Each structure stands twice: as structure tokens, then as C-alpha cells.
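Peer 1: Kindly return the folded structure for what I paste below:
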Amino acid sequence: LTRVVDMMSNKLLGEGVMVDIDVDTDIQIYAKEEELDQVFYHVLMNAIKSCHESSNNKKVTISSKVLGDTVLIYFEDSGNGFSEEFVRAQVGLDHKEKQDYLGIGLKICDEFMEELAGNISFANIKENDDVVGGKIQLTFRKAKVAEEVFDIVEEEAPVQVAHVHKGTKKEMMAQMEEMNRAL
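Peer 2: Model (predicted):
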């Protein structure tokens, strides 16, 4: 995430958009780095565009939350938000209808999120019934990281031959198939 923000720093500076990142650095997400970079890039570009088109303060806040084996990453911007029709209807939309509402960048995000077995959802931020920004929630599976143990060295048990069978290859294969069926 910080790599993408650093890469986009000139764009952010040029647009006058401030980015506030409040994400736990220890979170491990089940995804490839390149896919995550693409998702974060396009969501952030959408937020910058939304801020540019708005007269509100130009700010993007990125935060995270871990709920069990689920990681939620929120991108909140002070831009125009999304159409009310889209926000209300997104739950009931099939994939094609959802794609019709999204711009090319968010379509790419939606495709990557499907590949990652994740989800992307959209909401408006409101104050007194006025839209003052948009919110994109990315839902990922938390990666299971194996803990490394260096102090314990387990020795492998010696392997012993239990019994020997004599026969042709064809007979041996038939015997193995029969054993597999029995299991």
C-alpha cells in the first residue's frame, strides 16, 4: 500500500490530495503483490478523481480492520461519492450489471477481487443527508503465516520395509488400484 502511495505521490501532490494511512503493518493478505498493487492503485485513482471533481477538502483516508480470518481495508475520500442508485442497487446486481456502473479502473479492481476470493463494496459518506464523500471497502482473506521454530529439530524416524510383493508391473498396478478403491 505504501509503495503504491509513494508511486503516486506526484499525482497526489499535483491534485492537492492529502492521504492519511492508518493500516496495521502486520496484516498479511492472501494475494499476490502485483494484484494488490493493481487493486490499491485503481481504488486510490478513483478516490483522487472523486476528490478532484468535488469542492470538499481533498483528503483520502485508508484504514484497516481484522475480523477473524477476514481483513477489511477502507478507502474513504472527500469527493462526490457514488450515485445513490448504484449504492442502493449494488447488493442485488449481478456481475454484468455491477460492471456497467463501474469505471474501467474499478472494473479491474472488481475482477482482481474475484480472483482473490475477496469482495469490493461501495458506500457514500453522508452528513445531514448530503453526500460528502465515498467509501470503498475491500474484503480479503487473511493469509495464514507459518511460525518458524528454530530451537526444535525433529529427527526423522527410520523407514522400515513392512513386506515385499513379487509380481509383474501389471499385477502390481491392479493391486494398488484395488487398495485405493478399498480406501
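
Peer 1: so where's the protein shaky on pLDDT?
Peer 2: 89-102, 145-166, 180, 182-183 (pLDDT under 70).

Peer 1: what are the ranges of the helices in it?
Peer 2: 2-7, 9-15, 33-52, 84-89, 95-101, 104-115, 169-182 (DSSP state H).

Peer 1: out of these, which comes closest to Lys142?
Peer 2: Among the helices of the chain, the nearest to Lys142 by Cβ to Cβ is helix 33-52 (13.5 Å). To be clear about C-beta, it is placed using only N, CA and C from the backbone, and glycine gets the same treatment.

Peer 1: Can you name every helix or strand that that closest one contacts?
Peer 2: helix 2-7, helix 9-15, strand 59-67, strand 70-77, helix 104-115, strand 130-141 (3 or more Cβ pairs under 8 Å, 6 or more residues apart in numbering; DSSP states H and E).

Peer 1: Specify the beta-bridge partners of the residue nearest the centre of the chain.
Peer 2: The chain has Phe140 as the residue nearest its centroid, 4.2 Å off, counting by Cα atoms, centre = their mean. For Phe140, the beta-bridge partners under DSSP bridges are Val71.

Peer 1: any idea how far it lies from Phe82?
Peer 2: Applying Cβ to Cβ, to the nearest Å, one obtains 21 Å for the distance of Phe140 from Phe82.

Peer 1: Compare the helices and strands packed on helix 33-52 and give me the one nearest Phe122.
Peer 2: Nearest to Phe122 among the helices and strands packed on helix 33-52 is strand 130-141 (5.8 Å), distances taken as Cβ to Cβ.

Peer 1: and the angle for that closest one with strand 59-67?
Peer 2: Here strand 130-141 points in a direction 40 degrees away from that of strand 59-67 (axes from the mean of the first three to the mean of the last three Cα atoms, to 10 degrees).
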